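Engineer: coordinates for the following, if possible.
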Amino acid sequence: MKHQRLQELCEAYALDALDDNEHRMLESHLQSGCAECTKKMAELQRVGAALGFSIAPVAPPPELKQKVLEQLASEAPSPFYFVRAEEGQWRELAPGVAVKILFADLQHQRTTMLVRMAAGSHFAGHRHGGAEELFILEGDCLCQGQNLHAGDYHRAAGGSTHGVTSTANGCLMLVISPEIEIL
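Structural biologist: Next up is the predicted model:
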């Protein structure tokens, strides 16, 4: 991606308006040490912080607290969460590799997802910020030199680095992982 386009993404990043792919690309670019984009991000953060203090505070009406508490009580999350097979969206991570997020546990920074790889596809090497677990539901997968098939399980420790993961005939995996850093 051209540097000018990465600079344009900085504003959207500051507003938390990037899609996952753009977010990863810009984060990677910033981590590479680009002084120009790092400076731009610092300026945007200063502006954002200043905006919050530029408006005089307004006292809410007294009945608002009760109204908010009632609304929260009516929307209390169920202790059970379901995703039907036809629900959710598949997003392409790489050619022939798609992911469907089932649940994002923000508190523990873990995501449960399905990963579908088309026959002959591969996923780039990546580093794990925390433990990653995968369970092969269908097909075959070559992971860290091991041929895995339906019913096989693999766990990578936090901080470990995977090489390229590939499939000859295609596969479907259940993956539980924190965000990964693509190498």
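
Engineer: just the buried positions in whichever strand or helix holds Lys67, please.
Structural biologist: Taking DSSP states H and E as the criterion, Lys67 maps to helix 63-74. By 16 or more other C-beta atoms under 10 Å, helix 63-74 has no buried positions at all. (C-beta placed from N, C-alpha, C; glycine too.)

Engineer: what sits against Phe103?
Structural biologist: Phe103 makes contact with 81, 83, 111-112, according to C-beta atoms under 8 Å, 6 or more residues apart in numbering.

Engineer: now which of the residues you listed would you call buried?
Structural biologist: By neighbour count, with 16+ other C-beta under 10 Å, these hold Thr111 as buried.

Engineer: doesn't Ile176 make contact with Gln109?
Structural biologist: No. Look at Gln109 against Ile176 with C-beta atoms under 8 Å: they stay out of range, at 11.5 Å.

Engineer: mind checking which of the two has more residues around it?
Structural biologist: Taking other C-beta atoms under 10 Å, Gln109 and Ile176 do not tie; Ile176 has more neighbours (18 against 12).

Engineer: now the helices for the chain?
Structural biologist: Along the chain, the stretches classed as helices by DSSP state H are 3-14, 20-31, 35-53, 63-74.

Engineer: pLDDT on the third one, on average?
Structural biologist: The one in question is helix 35-53. On average, the pLDDT along helix 35-53 is 73.

Engineer: so, low pLDDT: which residues of the chain?
Structural biologist: 1, 47-54, 76, 179-183 (pLDDT under 70).

Engineer: quick one, longest strand in it?
Structural biologist: In the chain, with assignment by DSSP state E, the single longest strand is strand 132-143.

Engineer: list of residues touching it?
Structural biologist: Residues from elsewhere that reach strand 132-143, judged by C-beta under 8 Å, 6+ apart: 114-115, 117, 147-156, 162, 165-178, 180.
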